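[1] kindly return the folded structure for what I paste below:
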Amino acid sequence: MRIILLGPPGSGKGTQAQLLVQRYGIVQLSTGEMLRAAVAAGTPVGLKAKEIMASGGLVPDEVVVGIISDRIDQPDAKRGFILDGFPRTVPQAEALDDLLRHKHLKLDAVIELRVNESALLSRVETRVAQMRERGEEVRLDDTPEVLTKRLASYRSQTEPLIHYYSERRKLSTIDGMMAIDEVTRAIHRQLLALGAVEPKTHGKTQGKSHARSAAKAAPANRGAKKTKSAKKAAKKPAKAARKTAKSAKSAKNAVTGTKKAGKTTAKKTVKKAAKKTVKKGAKKAAKKVTKKRARR
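    Predicted structure coming up:
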């Protein structure tokens, strides 16, 4: 993600830049800090800048662009960066476009924090008056007079960038007079709409919501499972009782059947024995008769 924040002094660019750095893990690139770091590191561009600054001259755009080029090649800038204090003019914006094009990178968004200059001046006047009442020292660059000059410089040099980036469909304007957290949310929504960031935050939130819902539902589900188990457990004795009753009935039937079978068998046995006895008696009687006849 590569972003430029535009806005006059006092619009809250520095505050929002820090919040974006914390939220998205990108780096804030300040031209002033980059110049000092390049000079301290003794890089070729830094040495050139040091020579110009030592003579009291203004560092030309090509030197500043060279320092930015070196900086965005560093590992911590791979995930993205916010440019703070650059570009300030249309020629600087054109040089930045050429640099990014050469590195095969693109600018994702230019966020303009639009504010009411009269309100800004009123805020500074109130703050200065309160500091003086408390006996606190007022910084020389934090007075209505200095702010008036800085606003005039912004209008003449930097404000043309609004038209420049608007023509290239990169500009998004946000009301910088809102509360800090409201401005932050508005910037995030705009970056989402532009596709500069993925909706990771929403995804996490939804994931947490689903997790909370699941956690809430878990006891109910466990209760439902317990209820079902209890019902099953209650049904088991009834089933067992029915099975026992069936078994008892079957046993009774078996016994009854056995008794009936026994009676039938006994009757048959008696009949057979009676028949045998009758037959034997008849045979004996016949033999006696035959013997008597033979004697005669």
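
[2] first-to-last residue distance for stretch 106-124?
    End-to-end distance of stretch 106-124: 37 Å, with CA to CA, to the nearest Å as the criterion.

[3] tell me the buried residues in that stretch?
    By neighbour count on 16 or more other CB atoms under 10 Å, the buried set for stretch 106-124 is 107, 108, 109, 110, 111, 112, 113, 115, 117, 120, 121, 124. Every C-beta, even on glycine, is put in place using the N, C-alpha and C of the backbone.

[4] cool, and stretch 78-98?
    Across stretch 78-98, burial judged by 16+ other CB under 10 Å covers 80-89, 92-93, 95-97.

[5] with stretch 42-50 instead?
    For stretch 42-50, by 16+ other CB under 10 Å, it's 43, 45, 46, 48, 49, 50.

[6] pipe those residues into a markdown table and attach secondary structure and distance to residue 137 per row.
    Putting the buried residues of stretch 42-50 into a markdown table (DSSP: H, G, I helix; E, B strand; the rest coil; distance: CB to CB, whole Å) gives the following:
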| residue | secondary structure | distance to residue 137 |
| --- | --- | --- |
| 43 | coil | 37 |
| 45 | helix | 37 |
| 46 | helix | 34 |
| 48 | helix | 37 |
| 49 | helix | 32 |
| 50 | helix | 32 |
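
[7] just name the closest of those residues to residue 178, please.
    Nearest to residue 178 among the buried residues of stretch 42-50 is residue 49, at 37.7 Å by CB to CB.

[8] against residue 19, how distant is the residue nearest to residue 5 when sequence neighbours are not counted?
    Among residues not flanking residue 5 along the chain, residue 13 sits closest, at 4.5 Å (CB to CB, 6 or more residues apart in numbering). To residue 19, residue 13 is 11 Å away according to CB to CB, to the nearest Å.

[9] those two: who's more crowded?
    residue 13 (21 against 17; other CB atoms under 10 Å).

[10] who's in contact with that one?
    Counting by CB atoms under 8 Å, 6 or more residues apart in numbering, residue 13 makes contact with 5, 6, 7, 84, 113.

[11] picking that back up, out of the buried residues of stretch 106-124, which are inside strands?
    109, 110, 111, 112, 113 (DSSP state E).

[12] which residues does the first one bridge with?
    Think residue 109. residue 3 (DSSP bridges).

[13] hang on, the earlier thing: closest to residue 182 among the buried residues of stretch 78-98?
    Nearest member of the buried residues of stretch 78-98 to residue 182, counting by CB to CB, is residue 82, at 19.3 Å.

[14] show me which pair in the contacts of residue 13 is furthest apart.
    The widest separation within these (CB to CB) is 12.6 Å, between 84 and 113.

[15] what touches both of the two?
    Jointly contacting residue 84 and residue 113 under the rule CB under 8 Å, 6+ apart are 5, 13.

[16] surely residue 199 touches residue 192?
    Yes - with contact defined as CB atoms under 8 Å, residue 199 counts as touching residue 192 (6.0 Å).

[17] what about the two, which has more around it?
    Between residue 199 and residue 192, residue 192 has the larger neighbour count (other CB under 10 Å), namely 14 against 11.

[18] need the contact list for the more buried one.
    residue 199.

[19] relative to strand 109-114, how tilted is the helix or strand that contains it?
    Assigned by DSSP states H and E, residue 192 belongs to helix 180-194. In terms of direction (axes from the mean of the first three to the mean of the last three CA atoms, to 10 degrees), helix 180-194 departs from strand 109-114 by 150 degrees.

[20] buried residues, helix 180-194. List them.
    Within helix 180-194, the residues scored as buried using 16+ other CB under 10 Å are 183, 184, 186, 187, 188, 190, 191, 194.

[21] report the separation between the residue lying closest to residue 95 once chain neighbours are set aside and residue 21.
    In space, and not counting its chain neighbours, residue 95 is closest to residue 65: 4.8 Å by CB to CB, 6+ apart. Separation of residue 65 from residue 21 (CB to CB): 22 Å.

[22] these two - which one has more neighbours?
    With neighbours defined as other CB under 10 Å, residue 65 and residue 21 compare such that residue 65 has more, 18 against 15.

[23] show me the contacts for that one.
    Residue 65 neighbours (CB under 8 Å, 6+ apart): 92, 95, 96, 99.

[24] go ahead and confirm residue 12 touches residue 180.
    Yes - the criterion here is CB under 8 Å, and residue 12 meets it with residue 180 at 6.8 Å.

[25] can you put the contacts of residue 65 in TSV and add secondary structure?
    Putting these into TSV (DSSP: H, G, I helix; E, B strand; the rest coil) gives the following:
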residue	secondary structure
92	helix
95	helix
96	helix
99	helix
